[in-house]
Structure formats: structure tokens, C-alpha cells
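*Asks:* I'll drop the sequence and a predicted model, then ask my questions.
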Amino acid sequence: MRAPYLFALTFTLASPGIAQAAPDFFGREGYYDLSGAPEIKDLRLDYEYLRTGRPTSAETLGLVGAATVQTRRNFVYIEDTDGTLTIPFRSSNDLQTAFNFALRELYQVHPDEFVFVYLFTSFDPRVGAFFYAPEANETRGIGSPRYDQNGPSPREGFVFMNYWQSMQQMYGQFGAAVVRAQGRSIFNQEAGHRWASFIELGTGNNGSGTDLLLGRDEGHWSYFMNSGGSPMEGNAWFDNGNGTFTTTTNLQNWRFSQLDLYLMGLLPKEMVEPFFVIQNPVVQGGGRDLYGQVPTRSSPPQIIEPVTVSGTRTNFTIDNVISRNANRAPAFGAAPNTWRVVFVMLASRTAPLSEPDRTTFEGMVDNYAAGFHEGTGNRGTLDYSLIEDPVPLPIGGECTDNSNCQQTPDPLFCLPRSGGAPGLCTKPCADASSCPGDWCCADLSGTGSLACLPKTEFGDGQCPVISQPQPDAGVSDDAGPSECSCNTGEGCQEGCACDPACAMVPAPTPNLCACDLSYSCDPAANGEGNCACDPECDEGCGCTTTQQNSASVLGLAGAFGLLLLRRRRR
């Protein structure tokens with residue numbers, strides 16, 4: 001039984017049009033497979049550091065500074081604010097120090113509850129691979145030994161997903177669909193390495209004999225295995241019926257095979273269909289793998305330029321798998337199908353993520369998690385939310401702003417209350433028939449602006465009679481212009497829309513309509529266009545529909561505040 005070690009996927013393919021990277025800190029050209037590399041083969045998190053807070057050697061030497069940590073909707077942003085991490089990494093020690101630093105900061109703000117941690121960087125770390133670092137396994141029958149390196153922590157593995165824009169760098173020239181698909185394929189492979197691909201199977205009794213299933217690093221399916229185009233590698237092979245087979249794998253190779261799902265505990269063994277491996281393959285027509293070499297069992301999936309080989313088809317069933325590797329335990333039904341996970345963005349001082357970039361990354365996280373769920377046939381789920389989106393409130397809900405209130409089927413808005421009380425989600429109305437049964441369609445402070453209000457807002461529990469719209473607070477047109485005729489004393493003159501002292505009653509409600517000073521359509525305060533909240537400007541006014549609607553909401557909010565203030569004074 002093999003000991004656990006790192007499993008990784010090469011960054012790029014050697015096909016034309018995909019750029020190669022500069023030498024990384026190991027001095028290697030281009031991107032390569034990090035799995036089993038002696039430089040980082042023994043990479044492990046510093047568990048004592050994570051559990052007890054004991055300083056690392058780097059911290060003792062003052063090489064690690066404070067971090068800025070922000071919990072977003074679906075990831076944790078950790079920035080090396082002091083710029084004291086060695087970035088890009090120059091050695092495996094730098095790599096390990098950064099990992100420990102990120103997880104230590106993570107556990108300062110979140111409990112140790114995550115089964116998997118997926119780490120991305122805002123910078124090019126000069127490490128030419130993605131990889132999965134296993135930390136614990138209690139599952140039997142998947143070809144992996146049982147072990148536990150981190151004691152009480154529920155964490156079973158750590159995934160390094162490298163530079164967050166690496167997919168765009170590698171595949172951007174081929175379009176967004178390819179970027180999305182290959183991002184899902186790589187993520188699913190690293191996530192899938194928790195369970196696959198480690199089982200062995202030969203053609204002898206009980207599956208004994210030379211293994212035919214495994215390829216690269218004995219951690220991926222063989223190039224010549226018909227995996228259906230799994231992210232765990234292998235290929236989708238079409239049997240031509242004449243002793244030859246042709247790859248049909250494509251760029252959408254991010255969906256797990258039935259065998260993968262069985263190993264993950266997401267599919268009962270009875271649902272795993274037979275599969276085959278091509279023995280003694282001979283490549284036809286000079287076909288080459290994606291590295292330009294004659295295909296071997298360690299070659300990457302043939303996602304472009306199909307290859308045809310001749311060979312012997314060897315069929316296997318799930319019973320053959322079990323006869324050599326034993327039944328999976330826990331079996332389907334007892335095995336988990338949801339895992340609590342966390343996505344982490346480690347940023348450097350020289351490459352912080354802007355607010356728009358952080359929002360973009362939130363969308364990428366959603367895509368990775370959705371790709372895993374869909375890749376399992378909707379059988380497996382990553383529980384990754386950190387801040388739940390608030391549920392929009394129905395009419396009557398307590399609110400602080402309009403965004404708290406439902407916008408469908410009828411758009412609601414938040415009317416503030418005085419005295420620091422929560423606002424109320426409500427809507428404009430024409431009559432009581434458009435309000436809930438125990439609500440009124442009320443004229444707010446005699447302004448002619450109508451909104452739904454609960455009967456409990458009125459002392460006698462009865463809906464008031466809707467009065468006719470009252471004249472403007474300003475003077476009539478015949479009286480000539482005036483600054484504000486109803487502003488007759490200090491403080492807010494109740495119901496005086498143009499009184500500046502009323503602008504913050506109740507705070508922070510804007511003035512009901514400061515530019516409405518007459519019985520006709522008044523100009524805006526800045527002289528540009530019409531007064532957006534003046535009722536006389538509704539027809540043929542210079543403001544936009546959006547401005548009119550916005551002004552209406554502000555007017556209702558102000559009137560509601562004045563109504564409640566008046567009732568308090570009574």
C-alpha cells in the first residue's frame with residue numbers, strides 16, 4: 001500500500017498557442033506536473049503552529065508580518081499587508097511558510113470546521129502546478145492507506161489552486177467556454193484526489209497481476225483506460241469494432257465517471273457499468289499526445305486532436321474492482337455527500353485584489369463549486385458559503401433600506417420610522433384593494449402620496465379616509481416667488497415641505513420635496529431641468545422615469561416619517 005503524497009495536474013499543454021511560463025523557483029522551464037517531485041514531496045502543514053500558535057522559524061526571524069483578513073460571501077481574503085512573505089516563492093520553505101500563514105489567519109476568524117481548504121493566490125507564485133496534499137483518510141476500499149496527520153481537525157486535505165488568473169492565461173485565447181470548462185476539470189481533479197485514482201486491478205484471479213488502471217504518478221487513470229473523459233484522466237474511447245479505438249475526449253472533461261463516483265461514495269456499486277482498458281496499444285497514423293510524444297499510459301487526456309490505437313480490449317466490472325480492493329466503507333448511503341469547505345485567496349501587498357476583482361473571484365468560486373456539484377451528477381455538494389445572502393423581506397418586514405425588501409412581484413421600498421425604530425417594507429397604492437387585507441391605503445400627511453400601512457399604525461385600528469391631494473406647501477403662482485412661505489419659525493414647521501429644517505425629520509430622510517415651491521411645475525434647485533419630485537411635473541417634465549420613481553419613493557418615505565412624528569406628538 002502506497003504512502004500518501006502530493007498529486008497534481010500540469011498547468012499547460014504543449015499544444016500550439018498555449019504559452020509557456022518563465023522558469024519557476026526550481027529552475028524548470030514551463031509548467032509541469034508537481035506530483036511526487038522530491039523538492040516538495042514531503043510538504044506538510046505545520047500542525048503545531050496551526051493548533052497552538054507557536055511561531056514558525058520565519059516568524060521568529062521577523063519574516064512574516066500582519067495580515068488583512070476579510071470574510072467575503074464565499075471566500076476568505078488574506079492579504080500580506082506588510083509585504084514580508086517571500087513572493088514569488090523562491091524555495092519550498094517559502095511555499096510552506098505561505099500555506100501555514102494563510103491557514104493560521106483563516107483559523108483566527110473561522111472555526112476549524114472545514115474538511116477541505118482550497119487556496120488561490122493573487123500573484124504568480126512561480127510554482128508550476130496545482131496539487132492536492134492529503135492529510136487524513138479513514139475510507140477503506142479506495143486503494144489508499146488509512147492515516148491521520150492532523151489529529152482533532154476535521155480537515156482531510158489541502159488543495160493548492162495556484163494563481164487565480166491561471167486559467168485565463170492558459171486558455172483565454174480559446175474563449176470563455178474553454179476557460180470555464182478547463183477550470184472545472186482541474187478543480188475537480190484536485191478535489192477528486194481525495195478518493196481517486198489509487199485502486200489497482202489486473203487480469204489474474206481476484207484482480208491480481210500487473211495493474212492496468214493507473215497512469216501518471218499512480219494517481220491518475222491510465223491514458224488507455226476508458227474513463228469516459230473523467231477529470232481524473234484516462235480518455236473517452238470509441239470502439240471502432242475492428243480492433244482499433246479512437247479518443248473522443250474533449251475540452252468538457254470535468255464530469256466524474258461512474259467508477260469515480262463509486263470511490264467518492266456517491267454511487268452504489270450496482271450502478272457502476274462495466275468499463276474497459278486497451279492492452280498492448282499500438283498508435284496508428286503517427287498520433288501524438290498533447291506533449292507531442294508517442295502516447296503512454298502516463299500521457300494526459302487527449303482533449304484535442306483525436307488519436308487512434310489498435311490493441312486488445314479488456315473488460316472489467318465493479319465486482320473485479322472489489323475483489324482486489326475490497327468494498328468501499330463507508331458504502332453509498334452511509335458515506336457523506338456534502339462537505340464543509342473553504343476557499344481562501346492569499347494576496348500579496350504588491351498584487352492585492354481590488355473590490356471588482358474580489359467580486360469577480362466570488363463568481364469564480366461559485367463556478368468551481370457548481371462544477372463539482374454538476375460533475376458528480378448533482379450527487380455531491382460543497383458547502384462553502386460564509387455569509388448567507390439575506391432573504392428579501394415581504395411587505396410588513398422590518399428593514400433598513402430598500403435592498404432589504406422584495407422587488408417581485410411588486411417592488412417594495414423601505415419607509416423609515418422615527419425614534420430609531422426599524423423601517424417598514426411597503427409599496428405605493430391606489431386603494432385598499434392593492435394592500436394586504438388588514439392594511440390601509442393611507443394618504444401620508446395629506447400630501448396625496450398613498451402607501452400601504454398596517455391598521456395598527458392608527459390609534460382606532462380603522463383606516464383613515466383618503467383625503468383629496470392638498471396644495472403645495474409653497475405659495476400660489478399669483479403671489480409671486482417666495483423662498484418658503486410656510487417656514488415661519490425656527491425648527492421644522494410640521495408639514496412644510498420646503499423648510500430646510502425638515503430635511504432630517506426623521507433622520508436621515510431627505511426633505512420631502514425642497515424644490516416644490518408653487519402650484520405649478522417648479523425648476524430643479526440647480527436650475528437644470530424640472531423639480532423631479534414636484535407632482536405638477538409628472539406630465540411632460542424634463543426628468544426621467546427613474547428620477548420620477550426615485551423621487552416618489554423619497555416623498556413617501558418623508559411623508560411616512562412626518563405621519564409617525566405627528567402621531568407621537570398627539
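*Replies:* Arrived safely. Numbering: from 1, shown residues only.
*Asks:* Report the buried residues of stretch 297-316.
*Replies:* Going by neighbour count (16 or more other C-beta atoms under 10 Å), the buried part of stretch 297-316 is 297-303, 307-309, 311, 314, 316. Any C-beta I mention is one placed from the backbone N, CA and C, and that applies to glycine too.
*Asks:* Please identify which of those residues is nearest to P392.
*Replies:* Nearest to P392 among the buried residues of stretch 297-316, counting by C-beta to C-beta, is I303 at 42.3 Å.
*Asks:* what's the helix or strand for that closest one?
*Replies:* Under DSSP states H and E, no helix or strand contains I303.
*Asks:* which residues touch it?
*Replies:* L13, T249, N250, L251, N253, L290 (C-beta atoms under 8 Å, 6 or more residues apart in numbering).
*Asks:* Out of the buried residues of stretch 297-316, the closest to A351 would be?
*Replies:* Distances from A351 to these, taken by C-beta to C-beta, are shortest for P300, at 29.4 Å.
*Asks:* That closest one reaches Q293, doesn't it?
*Replies:* No. Counting by C-beta atoms under 8 Å, Q293 is not a contact partner of P300; they are 10.4 Å apart.
*Asks:* circling back to that earlier point, compare the contacts of I303 and tell me which has the most neighbours.
*Replies:* N253 (26 neighbours; other C-beta atoms under 10 Å).
*Asks:* count of neighbours near the closest residue to it other than its chain neighbours?
*Replies:* Take N253 and drop its neighbours on the chain: the residue closest to it by C-beta to C-beta, 6 or more residues apart in numbering is G229, 4.3 Å away. Neighbour count for G229, taken as other C-beta under 10 Å: 24.
*Asks:* Quick check: phi and psi on G229?
*Replies:* Phi and psi for G229, reported as degrees, to the nearest 10, are phi 90, psi 40.
*Asks:* For it, give its distance to L251.
*Replies:* Look at G229 and L251: by C-beta to C-beta, to the nearest Å, they are 10 Å apart.
*Asks:* could you point out the longest strand in this protein?
*Replies:* Secondary structure of the chain per DSSP state E: the longest strand is strand 338-348.
*Asks:* contact partners of that strand?
*Replies:* When contacts are defined by C-beta under 8 Å, 6+ apart, strand 338-348 is touched by residues 74-80, 83, 85, 87, 98, 101-103, 106, 110, 113-123, 154, 164, 353, 358, 361, 365, 368, 380-384, 386.
*Asks:* give me that answer again for 7 Å
*Replies:* Outside strand 338-348, the residues within contact range by C-beta atoms under 7 Å, 6 or more residues apart in numbering are 74-80, 83, 85, 87, 98, 102, 106, 110, 113-123, 164, 353, 361, 365, 381-384.
*Asks:* Which one of the contacts of I303 is nearest to P409?
*Replies:* L251 (40.9 Å).
*Asks:* does that closest one count as helix, strand or coil?
*Replies:* Here L251 is recorded as coil under DSSP: H, G, I helix; E, B strand; the rest coil.
*Asks:* residue contacts, it?
*Replies:* If you count contacts by C-beta under 7 Å, 6+ apart, L251 has them with V178, A181, Q182, I303.
*Asks:* Tabulate those in CSV, adding columns for pLDDT, distance to N205 and secondary structure.
*Replies:* Putting the contacts of L251 into CSV (pLDDT from 0 to 100; distance: C-beta to C-beta, whole Å; DSSP: H, G, I helix; E, B strand; the rest coil) gives the following:
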residue, pLDDT, distance to N205, secondary structure
V178, 93, 45, helix
A181, 95, 41, helix
Q182, 93, 41, helix
I303, 94, 37, coil
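*Asks:* could you redo the residues you listed as JSON lines and give each row distance to N327?
*Replies:* Shown next, in JSON lines, are the contacts of L251 (distance: C-beta to C-beta, whole Å):
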{"residue": "V178", "distance to N327": "39"}
{"residue": "A181", "distance to N327": "34"}
{"residue": "Q182", "distance to N327": "34"}
{"residue": "I303", "distance to N327": "33"}
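*Asks:* Would you mind pulling up the elements that the host helix or strand of F99 packs against?
*Replies:* Using DSSP H and E, F99 maps to helix 92-109. Contact here means 3 or more C-beta pairs under 7 Å, 6 or more residues apart in numbering; DSSP states H and E; on that basis helix 92-109 packs against helix 47-52, strand 68-71, strand 76-80, strand 116-121, strand 338-348.
*Asks:* Pass me the low-pLDDT residue ranges in the protein, would you?
*Replies:* Counting by pLDDT under 70, the low-confidence segments of the chain come to 1-66, 444-448, 459, 466-520, 522, 525-527, 534-570.
*Asks:* which residues of it fall in helices?
*Replies:* Per DSSP state H, the chain carries helices over the ranges 47-52, 57-60, 92-109, 166-171, 176-192, 258-263, 318-325, 355-375, 545-569.
*Asks:* Which elements pack onto the fifth one?
*Replies:* Translated: helix 176-192. Helices and strands touching helix 176-192, by 3+ C-beta pairs under 7 Å, 6+ apart, are strand 7-10, strand 129-134, strand 157-163, helix 166-171, helix 355-375.
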